[in-house]
Structures are given as C-alpha cells and as structure tokens.
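# Sequence plus the predicted model coming up.
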Amino acid sequence: MSPKLHQATGPQFTRIHSIGAYRGELTVTNDDIAGPINSSDEWIRQRTGIISRQRATDDVNVIDMGIRAGQEAIDKAGIEPSQIGAVIVATVTNVMQTPAAATRVADGLGATPAAAYDISAGCAGYCYAVTQADALIRAGVAEYVLVVGAEKLSDVISPTDRSISFLLGDGAGAALIGPSDEPGIAESVIGSDGSKWDAVSMSSPLQDYRRGEAEWPTLRQDGKSVFRWAVWEMAKAAREALDRAGVTVDDLAAFIPHQANMRIVDEFAKQLGVPETVAIARDIETMGNTSAASIPLATHRLLEEHPELSGGLALQIGFGAGLAYAAQVVRLP
C-alpha cells in the first residue's frame with residue numbers, strides 16, 4: 001500500500017489588503033513629443049484622451065519602481081515582509097532577460113526567501129498575477145502574495161513612431177493579497193488569442209539587432225485592430241467575469257479597465273452599460289498607458305480621490321500584447 005501524500009490547503013477566501021504606487025518623476029506633455037511624430041497636442045488628446053504622461057529618469061528601472069510601490073503596499077497592510085510567501089512581478093521591460101525582476105524586488109523589500117518570478121503577459125499581466133496570487137494562497141503555498149505591475153516603457157519606444165510611442169508612460173503599482181473572511185477575489189476569466197500576436201509587438205527580434213540587421217527593437221501596434229478587439233471581444237470577457245462573480249454591473253462601485261486609450265475606456269463602459277453611479281478609472285489622462293502597471297496605478301488613484309469606494313466591488317480587466325486578457329471582480333481595499 002503506497003503512503004498517503006500530504007497536500008497543502010489554505011484559506012477559503014482571499015482579498016486585496018492594500019495598494020501601493022510609484023509614478024515616474026518626469027511629466028511629459030503632448031507638446032514635448034508631438035514634433036518627432038509630426039503631430040499636435042490637439043491630435044493626441046482627441047485620439048487618446050492623454051494630456052500628459054509620467055516617465056522615469058534614466059537612473060530608475062522597473063526593479064526600483066517595483067520596490068517603491070511594493071513598500072507602500074506592505075506598509076499600508078501592516079504586515080512584515082517575512083510574511084510574504086511569493087512576489088510576482090508583471091512586466092515586459094525588465095532590465096535583463098534573466099534573472100527575474102521579482103527576485104530583486106523581493107530582496108529589496110526584505111521578503112527573502114519568498115518565491116519570486118515574473119509574468120510576461122503585457123497589459124494583462126497584473127490581472128494574470130492576481131489570479132495566481134489568489135490560487136497560491138488558497139492552495140496553502142503562501143500566506144501573503146505581493147503582486148507588482150512595473151513598466152519602464154520609455155526604454156522601448158521610438159520617438160518617431162506614430163502607432164504607440166505617444167501613449168506610453170512609466171510606473172509601478174502593487175497589490176498585497178492575503179487571506180479573507182469573505183470572498184474578495186472572484187473567479188477570473190483569463191485567455192489569449194495568439195493568432196493576433198503581431199497587433200502589439202516589438203519591431204524586430206533581438207537576434208536581428210545582435211546580428212546588426214535591425215535597430216534596437218521598439219514597441220509597435222496596429223491601433224485599429226487593437227481598438228476593435230479591445231472594445232468588442234473584451235466586453236464579452238468582462239460580462240463573463242461579472243457572471244462568474246455572481247454580480248451585475250449595477251452592483252459595482254468601480255470599473256477599472258486597462259488604461260490603453262481613453263476612447264477604448266469610454267466605449268468599453270458604453271458597451272457594458274456602466275451606470276453613472278459607478279466610478280470609472282481614467283488615470284490615463286495624466287499617466288499614459290503603463291501596460292501591466294496601469295490597473296493598480298488607476299486603482300491607487302481612484303482610492304485616493306474617492307476613499308468612499310473602499311470596500312466596494314470593482315471589475316478590473318487587462319488586455320493587450322499576446323493578445324492576452326484577464327478579468328476579475330475584486331473587493332477594493
């Protein structure tokens with residue numbers, strides 16, 4: 001008779017205990033970047049809703065930003081770093097192919113020997129990581145998990161690119177996730193459509209740059225394809241997330257979509273029929289699109305400006321490069 005295998009189990013429910021943020025120190029206006037793309041402040045505002053974006057200085061990277069955002073989340077939650085069982089960093093702009101940024105973020109926060117790894121799921125990375133944090137805690141692997149979305153997109157843009165460069169900002173957002181007495185993170189909807197991988201991608205493979213056959217790879221996107229996919233297909237995913245949570249859009253306190261483009265945010269809300277009573281995150285106006293960092297940053301700002309939202313339900317959905325997407329309803333800290 002074979003011996004019985006012990007399988008760990010954890011708490012039944014989890015929730016987000018706190019949110020931390022770091023925003024790049026440099027304010028970059030539309031006028032600052034309009035020249036190289038032969039554009040104007042008016043054109044950028046009309047197409048994106050962005051007035052300015054925050055970018056980091058040359059000496060700051062995703063690890064630095066992740067540590068600062070993570071420290072705020074830990075301080076607000078009132079726990080010790082030693083209680084963190086895992087650190088997950090969602091990023092596509094780590095300074096090195098390896099090691100993972102998460103190992104260095106964990107070390108910088110004093111969370112060693114927490115498990116630490118990165119997720120490369122583009123703008124969906126944060127919601128992917130929230131899904132994994134929830135599972136790790138309920139499986140008994142970790143008591144608390146720190147989820148960080150950190151991006152320095154200014155490192156991977158071409159100032160003359162009209163498809164995406166004017167959209168992007170730099171920053172990091174962090175969520176400290178832990179056990180709860182009641183459901184705080186509903187079942188997630190996650191998925192991908194790799195057939196559309198080139199809708200948001202790098203301009204060339206790294207090998208081409210190494211061989212001298214291409215310039216340093218930078219981000220590109222097919223704006224029309226991304227807009228159509230984001231509005232129509234992601235509205236379906238958002239409705240499914242509401243259904244899995246057992247709530248309706250009228251039950252929400254906030255709607256926090258990835259801050260891709262203000263036109264997408266507004267059309268998305270229209271497709272879902274978001275009522276006027278629901279706060280809609282529009283952090284992109286002065287932050288820009290920060291990929292995996294955008295949802296936690298937008299959440300942080302909403303809670304700062306509207307503390308009455310605390311404890312309410314929020315639908316968050318990330319979507320972008322891959323094309324990958326993830327959504328879930330969460331209770332705001």
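Structure received. Here the structure is a predicted model, which means the values were calculated and not measured.

# Give me the secondary structure label for residue 285.
Secondary structure for residue 285, judged by DSSP: H, G, I helix; E, B strand; the rest coil, is helix.

# now swap in the one 10 residues further on and tell me
Reducing the assignment to helix, strand or coil with three-state DSSP, the entry for residue 295 is helix.

# isn't it right up against residue 318?
Yes - the pair residue 295 / residue 318 is scored as a contact, 5.8 Å apart, by CB atoms under 8 Å. All C-beta spots, glycine's among them, are computed from the backbone N, C-alpha and C.

# what residues are shared contacts of the two?
126-127, 257-258 (CB atoms under 8 Å, 6 or more residues apart in numbering).

# would CSV of these with distance to residue 250 be doable?
Compiled in CSV, those are given as follows (distance: CB to CB, whole Å):
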residue, distance to residue 250
126, 25
127, 22
257, 17
258, 22
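
# Could you find which two of the residues you listed are furthest from each other?
126 and 257 (11.7 Å; CB to CB).

# Could you check which of those two is surrounded by more residues?
Neighbours were tallied for residue 126 and for residue 257 using other CB atoms under 10 Å; the higher tally belongs to residue 126 (33 against 28).

# picking that back up, pull up the overlap in contacts between residue 126 and residue 257.
Among the neighbours of residue 126, those also in contact with residue 257 (CB under 8 Å, 6+ apart) are 295, 318.

# hmm, back to that, just to be sure, which of the shared contacts of residue 295 and residue 318 are found in helices?
Using DSSP state H to define helices, the subset of the shared contacts of residue 295 and residue 318 located there is 126-127.

# The nearest residue to residue 190 once chain neighbours are set aside: what secondary structure?
Among residues not flanking residue 190 along the chain, residue 326 sits closest, at 4.2 Å (CB to CB, 6 or more residues apart in numbering). With three-state DSSP as the basis, residue 326 sits in strand.

# residue ranges of the strands in the stretch 1-150 of the chain, please?
13-23, 26-29, 52-55, 84-90, 115-119, 144-152 (DSSP state E, counting those that start in this stretch).

# same check, this time on the stretch 201-333 of the chain
Applying DSSP E, counting those that start in this stretch to the stretch 201-333 of the chain gives strands spanning 219-221, 254-257, 279-280, 313-320, 324-331.

# Report the strands that pair with the fourth one, each with its relative direction.
So the one you mean is strand 313-320. strand 254-257 (parallel), strand 324-331 (antiparallel) (DSSP bridges).

# show me the residues around the residue nearest to residue 260 when sequence neighbours are not counted that make contact.
Setting aside the residues directly before and after it, residue 260 is nearest to residue 289 in space (CB to CB, 6+ apart), at 5.7 Å. By CB under 8 Å, 6+ apart, the contact set of residue 289 is 53, 123, 153, 167-169, 258-261.

# Any chance of the residues you listed in TSV with distance to residue 21, neighbour count and pLDDT as columns?
As requested, the contacts of residue 289 are arranged in TSV below (distance: CB to CB, whole Å; neighbours: other CB atoms under 10 Å; pLDDT from 0 to 100):
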residue	distance to residue 21	neighbour count	pLDDT
53	15	31	97
123	17	34	95
153	16	28	96
167	19	24	93
168	17	24	94
169	12	31	97
258	16	33	96
259	13	29	96
260	19	25	93
261	21	21	91
